[in-house]
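Trainee: Return a 3D structure for these sequence lines:
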Amino acid sequence: MSNLEVTSNNFPLAAEPGAVVGLTEDAALLELVFQFVYPPYRLSLEGMAMTILSPLADAVEKYQIHTGVQFCNIYMGLSLPSNALAVLEYSLKYNYPALANRAAPFVTLKDVSLAAQQNTASFRLLTEWV
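Mentor: I've put the predicted structure just below:
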């Protein structure tokens, strides 16, 4: 069994050795994802910008990279209160109610208004949550 098979529940594997598997994420993001899969595990999420952490959290959730899911969840929570809307959106999307409850008090009316004006996924998730 490969590291990828052991550390992931949902990563598309090649049908035969050497076959190419198409992925929707860019190479830079996949580089980060694979740091949760192949040793040495040296990816530090501390201080990572939300513009990187959020897509990384989405990718590890999508592919169910076990250690990545746990670390991203922790660091999404640690990014509060400054990234409250992004954290709330993530927690609602992936069903982390305790994290949603931690993030929600920090979401401002300005955040909600901006999400509504842009008709983003954040606004749709917020309306479901409320």
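
Trainee: Can you mark which positions in the helix or strand encompassing L53 are buried?
Mentor: Using DSSP states H and E, L53 maps to helix 50-63. Within helix 50-63, the residues scored as buried using 16 or more other CB atoms under 10 Å are M50, L53, S54, P55, L56, A57, D58, A59, V60, E61, Y63. (Glycine included, C-beta is placed from N, CA and C.)

Trainee: can you check stretch 30-49 too?
Mentor: Buried residues in stretch 30-49 (16+ other CB under 10 Å): L32, V33, F34, Q35, F36, V37, L43, L45, M48.

Trainee: and the least confident of those residues?
Mentor: Ranked by pLDDT, the buried residues of stretch 30-49 bottom out at L43, which has 86.

Trainee: Check whether it sits in a helix, strand or coil.
Mentor: With DSSP: H, G, I helix; E, B strand; the rest coil as the basis, L43 sits in coil.

Trainee: follow-up on the earlier one: which other helices and strands contact the next helix or strand after the helix holding L53?
Mentor: Going down the chain from helix 50-63, the next helix or strand is helix 66-78, by DSSP H and E. Using 3 or more CB pairs under 8 Å, 6 or more residues apart in numbering; DSSP states H and E, the elements in contact with helix 66-78 are helix 50-63, helix 84-93, helix 97-103.
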